[in-house]
Each structure stands twice: as structure tokens, then as C-alpha cells.
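With the sequence up front, the predicted model follows.
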Amino acid sequence: MVTESMNAFNSMNREELLRALEMFAKNWLAHDGCWFLAAEERFGMETAIDLDMRSWARFAAAEARRIMATFGIVAGGGLPALERALSLRLYSVINLQRVEWSEDRQCLRFFMDVCRVQEARRRKGLADFPCDSVGMVEFETFARTVDPRIHTTCLHCPPKAPEGNYCGWEFRTGETGQ
């Protein structure tokens, strides 16, 4: 359903729509950061992380379901379906990321090569956010929403990531060709 407020987007060309998409992704991530900082200020880091994990569990499942429905990704589609879904997350618009397949295609590895969250914290002189616990909930929930057979392992996350790296995740189903 198109409403009056949608008219601005209906008249945009491809480049303008891509700029809008990037802006929306940045706004989404900025809101997440503002929410977290407010929770940290009010309740402390430990409680803020707990709340963040709960929030990401809900959001990651909703995001995966919407991506799958919008782009016709079949539930239970294994690692190829996960690769496609990961490429369509809002993160992919604003964070440089890549995937690597194992030679036998039994393992998909996902790497965030640029992370706006950690970059912003570093610009502000803040320590890296210890994102392994929140990231585990986020990526595991997202992957299992795509296919409940997928198992997720954290390869590394700040502050324990190798120099020049951000987070790395490994996904497996254990099925041949998946």
C-alpha cells in the first residue's frame, strides 16, 4: 500500500534509493548503539549486555524471517541459504563483510572486516565492546532461524580478535554438500 509519505521514495532513482538504504542502516545501528549506551549508563555494563543479548535474540529471528520471506529463501536450506540471508542483513550495507567456504563445503565462515560499532568506540577513545556473548546469541539465532540444523561457533571477537580483525563466525550443518 502506497501512502502520501511514500511518494519521496517512489520518485527516487537507483542511486538515491541505495543512499537511502545506507542511511536507514546507519540509523538502525545508531539507534542500537544509543539504546545500549543508555542501558549501560542506567544499569551498568553487565546488565546492559544481558538486555542486549535478549534483544538480539528477538531481533535476529525476526530479521532472518523477514529476509527469508522477502527474498524467497527456503527454511531449512542449509549453509547456502544462510550465506544468502547473511548477505541481505542491514549490516551488509554498512559493514565490510565476507564469507569463506571450506573445500568440502561443510563449513561456512563469516568475517566482519569492518565493524562500525567497534570503529565508533575506538574513535571515541572507548575500549572495544566485548561482543562475543551478544554476537553468539545474534548469529546463532539468525542461523538457526534460517535452518535449525546449523551450529554456530565464534572464531574470534573483539577484544580478543587478531590485530586488524573484528568478528569471525563458523557455521556447520555436518551434512554433505551443505
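Sure thing, it's come through.

which non-adjacent residue is nearest the residue nearest the centre of the chain?
Nearest residue to the geometric centre of the chain (CA atoms, centre = their mean): Y91, 5.2 Å. Distance criterion CB to CB, 6 or more residues apart in numbering; nearest residue to Y91, sequence neighbours excluded, is Q97 at 6.7 Å. To be clear about C-beta, it is placed using only N, CA and C from the backbone, and glycine gets the same treatment.

Who does that neighbour form a beta bridge with?
Judged by DSSP bridges, the bridge partners of Q97 are M112.

What is the neighbour count of F142?
With neighbours defined by other CB atoms under 10 Å, the count for F142 comes to 27.

Name the spans of the protein whose pLDDT lies under the cut-off.
Within the chain, the stretches with pLDDT under 70 are 1-6, 174-178.

mind listing the helices for it?
Ranges of helices within the chain are 7-10, 14-43, 45-71, 78-87, 91-94, 116-123, 132-146, based on DSSP state H.

Turn these into CSV, including distance to G168.
Shown next, in CSV, are the helices of the chain (distance: least, CB to CB, whole Å):
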stretch, distance to G168
helix 7-10, 36
helix 14-43, 19
helix 45-71, 17
helix 78-87, 13
helix 91-94, 14
helix 116-123, 13
helix 132-146, 10
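
Those helices: which one's closest to K160?
Among the helices of the chain, the nearest to K160 by CB to CB is helix 132-146 (7.4 Å).

which residues make contact with that closest one from outside it?
Residues external to helix 132-146 that are found in contact with it (CB atoms under 8 Å, 6 or more residues apart in numbering): 49, 52-53, 56-57, 59-61, 63-65, 68, 73, 75, 77, 81-82, 85-86, 89, 110, 150, 152, 154, 157, 160, 167, 169, 171.
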